[in-house]
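*Asks:* Fold the following for me, if possible:
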Amino acid sequence: MAEPRRLPPGTRHDADQRLPRRGRGPSDHPQRVQLQRRALRPPDAESPWGWQLFGHHCAVNCLVVEGRMVVSPVFLGAEPNEIDDGPRAGTSAFTDRIRLGMDLMAVLPPHQRVTATVYGRMVDPGMPPGRIHPGDERHLAGAFQDNRVISFEGMRASDMPERAREILPKIAESFVSLLPDGPRAAWMREIRYHLDETWFSWVGGHKVGDVFCYRLQSPVLIAELDHHCGVFLDYDTPKPFHIHTVLRTPH
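*Replies:* Have a look, this model is predicted:
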């Protein structure tokens with residue numbers, strides 16, 4: 001394979017995002033986000049090619065083979081997940097994924113909600129040693145986890161009521177939304193085909209304002225959302241406004 005062609009680094013995000021009036025630092029200090037991008041090979045109609053995009057709270061990998069596209073693995077996050085000042089005030093991120101996860105837990109019968117909940121606390125005394133990663137916290141499919149074997153846990157879709165089963169593909173679609181229409185539709189067909197083999201697991205509370213982590217896992221998709229502790233802002237317990245999400249394609 002030819003040496004990867006690197007695009008000019010230092011691409012700058014178009015949002016001058018201001019911090020909310022909480023945590024460390026002056027409230028009027030704009031935090032610019034810098035992203036690095038590179039092409040793994042020039043676009044080609046037959047040979048594999050792709051690109052990568054990296055930055056704080058951003059790692060996106062795209063591969064194209066003979067017109068078939070995969071955008072995975074993907075890590076996206078936000079701290080905070082809402083802009084409360086400036087020209088983009090009111091802009092928020094991941095609210096759909098949060099709402100859909102809560103909606104699913106709400107429609108599960110109480111005994112199935114208990115089954116889906118692997119741990120009732122974000123840092124639970126029942127967790128085995130090492131279950132909380134220092135960087136990824138409750139994520140199992142995060143950075144440096146290529147080829148990790150992740151067991152299914154929680155509640156299987158085939159045992160869920162129909163209202164819950166209808167929400168599962170919506171959660172999946174919110175995670176694969178970076179794909180163009182054609183590749184996204186193809187992945188969603190696979191996700192629906194394997195719906196009975198899909199599992200949903202939950203950690204934490206499930207009431208409004210609670211912090212939590214969930215994982216949607218099937219033979220063709222792993223999607224995780226987790227509320228995290230502070231990194232840029234000053235807090236040492238998970239907060240609803242600090243969100244990490246991970247998308248992977250199992251093999």
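
*Asks:* pLDDT value on residue 208, please?
*Replies:* Reported pLDDT at residue 208 in the predicted model: 91.

*Asks:* Next up, the contacts around it.
*Replies:* Residues in contact with residue 208, defined by Cβ atoms under 8 Å, 6 or more residues apart in numbering, are residue 102. Glycine gets a C-beta too; all of them are placed from N, C-alpha and C.

*Asks:* Could you check which helix or strand contains it?
*Replies:* Using DSSP states H and E, residue 208 sits within no helix or strand.

*Asks:* Work out the gap between stretch 49-62 and the centre of the chain.
*Replies:* Chain-centre distance of stretch 49-62: 14 Å, with Cα atoms, centre = their mean, to the nearest Å.

*Asks:* Would you mark the buried spots in that stretch?
*Replies:* Going by neighbour count (16 or more other Cβ atoms under 10 Å), the buried part of stretch 49-62 is 49, 50, 51, 52, 57, 58, 59, 60, 61, 62.

*Asks:* The residue lying closest to residue 124 once chain neighbours are set aside: helix or strand, and which one exactly?
*Replies:* Leaving aside its chain neighbours, residue 124 sits nearest to residue 203 (7.4 Å; criterion: Cβ to Cβ, 6 or more residues apart in numbering). Using DSSP H and E, residue 203 sits within strand 199-204.

*Asks:* Also residue 105?
*Replies:* For residue 105, the host element (DSSP H and E) is helix 95-107.

*Asks:* Show me the contact partners of the next helix or strand after that helix.
*Replies:* Per DSSP H and E, the first helix or strand lying C-terminal to helix 95-107 is helix 110-116. Counting contacts by Cβ under 8 Å, 6+ apart, the residues outside helix 110-116 that touch it are 105, 108, 154, 155, 159, 160, 161, 164, 200, 201, 202, 206.

*Asks:* Report the separation between the first one and residue 73.
*Replies:* Noted for residue 105: a distance of 26 Å to residue 73, by Cβ to Cβ, to the nearest Å.

*Asks:* Repeat that for the third one.
*Replies:* With the distance defined as Cβ to Cβ, residue 154 ends up 21 Å from residue 73.

*Asks:* Roughly how far does the closest residue to residue 49 other than its chain neighbours sit from residue 98?
*Replies:* Using Cβ to Cβ, 6+ apart and skipping the chain neighbours, the partner closest in space to residue 49 is residue 41 (3.9 Å). Using Cβ to Cβ, we find residue 41 at a distance of 37 Å from residue 98.

*Asks:* all helices of the chain, in order?
*Replies:* For the chain, applying DSSP state H gives helices covering 95-107, 110-116, 162-175, 181-193.

*Asks:* Tabulate those helices in a markdown table, adding columns for distance to residue 80 and mean neighbour count.
*Replies:* As requested, those are exported to a markdown table (distance: least, Cβ to Cβ, whole Å; neighbours: other Cβ atoms under 10 Å):
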| stretch | distance to residue 80 | mean neighbour count |
| --- | --- | --- |
| helix 95-107 | 12 | 18 |
| helix 110-116 | 27 | 15 |
| helix 162-175 | 19 | 18 |
| helix 181-193 | 28 | 15 |
